[in-house]
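Student: Generate coordinates for the sequence data below:
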Amino acid sequence: MTRNVSTRLREQIYSPISAADAHAVVREFLDFIDDAANDPADDVDGDDAYSELDVFDDVDLGVDASLPADPSGDAKALARFPACRSTFTLDYDGRVADKRPFIALQKLVIARAGDAVVWSGEGGERPPAKGAKIITLEAFVADREKNVGPRWRTITPLGEEEEPVRKPVKTRAAKPGELEALAVHKRLSSIIEGRDPLAREALRKRLEGATAEVRAYAAALMENGATPDAAIAQDLDRTAREVAESREALHALLSKIR
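Tutor: Sure thing, here's the model as predicted:
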């Protein structure tokens, strides 16, 4: 529906929740307004200095007892309608339709309404006429998301904390030998720093019988951590292939220690 900013609009959300539960949602809304009025840090929406409380001056949320007689709509909406027990009535000026606080209020009602159906139209005192067209709450949400755009997904229901925006973690591809060195380092350090003296003694004896290159690689690994082959090769003044051979020999040595 095209929204004229000067038009008073109405949405009626017919919900299967009880009237008492529906009134509790209205109280959530009113409590939020009271808290916002007492908060000196009045949140401003957008760049037009239109604050939360200014937005809510143009909004009325209530629980209405009226239901449309013999509504029309698709099969899914009509199948849900007989289970409806309460009606949220949301009246508002068209100019607030895309404001963050109003969207947050809509999402609060949507989150509480359950498997509801919705009628939308211009505001007024009269309930929807006989034959009013209803749609499922999911269809209503899809329409709002289409009209509002990507902002719809980023706005949380009224009263909920905004999710902090997390910067993407930059990752890089592992360098040659780096992942293999990680596995060897983990096993080597678990023996050296572990509680099993027999395993440490077995490691000592096996390293004594290994080549000087393997012992040098093990020492470099414990000093520098899981390091790519090229970096250790530079430290030991050896080729990357020679380092890889020492790494594989050390891995075989460690696998024999239980």
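Student: Okay, and E11 sits in which element?
Tutor: strand 8-15 (DSSP states H and E).
Student: Output the contacting helices and strands for the next helix or strand after that strand.
Tutor: Moving toward the C-terminus from strand 8-15, the first helix or strand encountered (DSSP H and E) is helix 19-38. Counting contacts by 3 or more C-beta pairs under 8 Å, 6 or more residues apart in numbering; DSSP states H and E, helix 19-38 packs against helix 52-56, strand 59-64, strand 86-93, helix 100-113. All C-beta spots, glycine's among them, are computed from the backbone N, C-alpha and C.
Student: Confidence-wise, which of these is weakest overall?
Tutor: Note on those: lowest mean pLDDT is at helix 52-56, with a mean of 77.
Student: Measure how far that one is from the centre of its chain, please.
Tutor: 26 Å (C-alpha atoms, centre = their mean, to the nearest Å).
Student: Using a markdown table, lay out the helices and strands packed on helix 19-38 together with mean neighbour count.
Tutor: Shown next, in a markdown table, are the helices and strands packed on helix 19-38 (neighbours: other C-beta atoms under 10 Å):
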| stretch | mean neighbour count |
| --- | --- |
| helix 52-56 | 20 |
| strand 59-64 | 16 |
| strand 86-93 | 21 |
| helix 100-113 | 21 |
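Student: Could you save these as CSV and add columns showing distance to L78?
Tutor: Shown next, in CSV, are those (distance: least, C-beta to C-beta, whole Å):
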stretch, distance to L78
helix 52-56, 33
strand 59-64, 20
strand 86-93, 16
helix 100-113, 17
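Student: Compare those and give me the one nearest D34.
Tutor: helix 52-56 (10.5 Å; C-beta to C-beta).
Student: Next, the residues that contact stretch 218-232 from outside, please.
Tutor: If you take C-beta atoms under 8 Å, 6 or more residues apart in numbering as the criterion, stretch 218-232 is touched by 174-179, 181-182, 184-186, 188-189, 192, 207, 217, 235-236, 238, 240, 243-244, 247, 250.
Student: By neighbour count, sort out the buried ones in those.
Tutor: Buried members of these, scored by 16 or more other C-beta atoms under 10 Å, are 177, 181, 184-185, 188, 207, 217, 236, 238, 240, 243-244, 247, 250.
Student: Now for the residues you listed: which two are most distant?
Tutor: Going by C-beta to C-beta, the pair spanning these furthest: L207 and A240, at 22.2 Å.
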